[in-house]
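Enquirer: show me the folded form of this:
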Amino acid sequence: MTKKLIIAIVAVFIAWQIIDYVLHTMILGSAYGATAHLWRPMEEMKNGLMAIVGLISAAVFVYIYAAFISNKSMATAVKYGVIFGIGAGVSMGYGSYSVMPIPYGMALGWFLGTLVCAAVGGILVGLLVKEDAPKM
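Expert: Have a look, this model is predicted:
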C-alpha cells in the first residue's frame, strides 16, 4: 500500500504543479504584473519552499482520502476532491480577497484553480488508491 500512496502523492503533486503553472503564468500572469507591488520580486520568490508546501499538501490530500474515506470509488473520490476544493478554494480566493487589494478576477482565478486542482486530485486518488492507508 505504501508504494501506491507514494505514487498517488507524486501524481497529485505533479498535476497540481502543472495546473498552477498554467493558472499563475498563462491565465493570471497579467494580473500579477498589475499588482506587482503586492508580491516579492521574482528573484526573492521562495520557489523551493513553494514546492515543499505543494508536496506536503498533496501528501495530506492523498492521506485523508486513503485513511479516512471508507467507500473508495471514483464517484467518492471525485466528490471528495470537489468538496475539498470548494473549502480550500473559498479560503484561498475569497479569504485572500477579503484582506488584500487584489482584483476580483484574481480571487476568482484562485478559487477556481484550487477547485480544479482538488477535483483532478480526486480523480487521481480514485484511480490510484483502492485500499485503506495504515492508520497513524
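Enquirer: residue closest to the middle of the protein?
Expert: residue 117 (4.6 Å; C-alpha atoms, centre = their mean).
Enquirer: for the helix or strand hosting residue 114, packing partners?
Expert: Assignment of secondary structure by DSSP states H and E places residue 114 within helix 104-128. Packed against helix 104-128, as judged by 3 or more C-beta pairs under 8 Å, 6 or more residues apart in numbering; DSSP states H and E, are the following elements: helix 2-21, helix 29-34, helix 47-68, helix 74-89, helix 96-99. Heads up, the C-betas are built off the backbone N, CA and C, glycines and all.
Enquirer: export those helices as TSV, with columns for mean neighbour count.
Expert: Output for the helices and strands packed on helix 104-128, formatted as TSV (neighbours: other C-beta atoms under 10 Å):
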stretch	mean neighbour count
helix 2-21	17
helix 29-34	12
helix 47-68	16
helix 74-89	18
helix 96-99	12
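Enquirer: quick one: which of those is nearest residue 130?
Expert: Nearest of the helices and strands packed on helix 104-128 to residue 130, taken as C-beta to C-beta: helix 2-21 at 7.6 Å.
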